[in-house]
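Enquirer: kindly generate the corresponding structure for this input.
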Amino acid sequence: MALATQAVNQAQDHYYWRLLATAISFGLFGIGGLCLRVLVFPLLACLPGDRARHRQRVRHIISWLFWRFIRFMSVTGVLTYEVRGADKLGRAGQMILANHPSLIDVVFLIGLVRQANCVVKQSLFHNFFTRGPVRSAQYISNDGSMDMLDSAVNALHDSQTLIIFPEGTRTPPGQAPAFHRGAAAIALRGAKIITPVTIKVSPATLTKAEPWYRIPLRRVHFSLHIGDDIDPQAFAALGPAPQASRKLNDYLHQYFIKELATDERSTARP
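Expert: Numbers count the residues shown, from 1 in each chain. Presented below is the predicted three-dimensional model:
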């Protein structure tokens, strides 16, 4: 029977090795975050430069380490990935909007954009392993307040690249993304351009409320497709701010539903 169905699909695609490699990966992630907080960032704070220069150094290190983390998971066989259009990312005043199917979506995007700011969930500012990096990088807490919206707008006005997940949290597999209107409101007030990033994960993994050790039977593949720019001012001209925000949010929602339904077979690499 085809060599016993290719040795039962290579022992379910080396399941136990991938489980071990996944455990090592998350162990390294936690230890790395703690080392940054205790050792690296205090040393960086001693270097000359103002607050903006310190932030720049911190974000560069985090981005570099995040991409090394992704490469480690790829080399050890935990996952494969493809990125289409990475050259479009990292521009001044750019808002990067992405869907959020997996825990490590933000790791991919920050790894791809060296100086990106990011709206991250509030719990990361209190987590023992992550609070040092997110505070030192001056990321924005997604606490739903007006201060959060103002901070995001100010970051865009400051010519930073801003990453936002409009869903606010990971969407369960098989469900269409539901976008909060806050991202559209921020875009209308501060973004020069909006660049959508469609993220697909097959098979689903690291979803909401799923523990890290519940890995799928075959190796996971991440696909990131960077779409064409969207001009927020084209929507700002459609009416008062609440109406324009609603229309932009509806447009983005439909865009992602359509893109996520598209079967991508590209093998492009960054």
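Enquirer: the longest strand belonging to the chain: what's the following helix or strand?
Expert: Looking across the chain with DSSP state E, the single longest strand is strand 193-202. The helix or strand immediately downstream of strand 193-202 is strand 220-226, counting by DSSP states H and E.
Enquirer: three-state assignment of residue 42?
Expert: helix (DSSP: H, G, I helix; E, B strand; the rest coil).
Enquirer: so how far is residue 125 from it?
Expert: Using C-beta to C-beta, to the nearest Å, residue 42 is found at 18 Å from residue 125. Where C-beta positions appear, they are placed from N, C-alpha and C, glycine not excepted.
Enquirer: who has more neighbours, the two?
Expert: The neighbour count for residue 42 versus residue 125, taken as other C-beta atoms under 10 Å, is higher for residue 125 (15 against 12).
Enquirer: what about residue 114, distance to residue 120?
Expert: Computed as C-beta to C-beta, the residue 114 to residue 120 distance reads 17 Å.
Enquirer: residue 253 now?
Expert: Look at residue 253 and residue 120: by C-beta to C-beta, they are 22 Å apart.
Enquirer: test my guess that residue 156 contacts residue 91.
Expert: No. Residue 156 is not in contact with residue 91 according to C-beta atoms under 8 Å; the separation is 11.1 Å.
Enquirer: tell me which of those two has more neighbours.
Expert: Neighbour count, other C-beta under 10 Å: between residue 156 and residue 91, residue 156 has more, with 22 against 14.
Enquirer: what about the helices in the stretch 101-250 of the chain?
Expert: Remark: helices assigned in the stretch 101-250 of the chain by DSSP state H, counting those that start in this stretch are 105-112, 131-136, 146-157, 182-190, 233-236, 241-260.
Enquirer: how about the fifth one: buried residues?
Expert: So that's helix 233-236. Residues of helix 233-236 classed as buried by neighbour count (16 or more other C-beta atoms under 10 Å): 235-236.
Enquirer: just the mean pLDDT for it, thanks.
Expert: The average pLDDT for helix 233-236 rounds to 92.
Enquirer: equivalent analysis for stretch 115-123, please.
Expert: The model assigns stretch 115-123 a mean pLDDT of 94.
Enquirer: I am finished for the moment; much appreciated.
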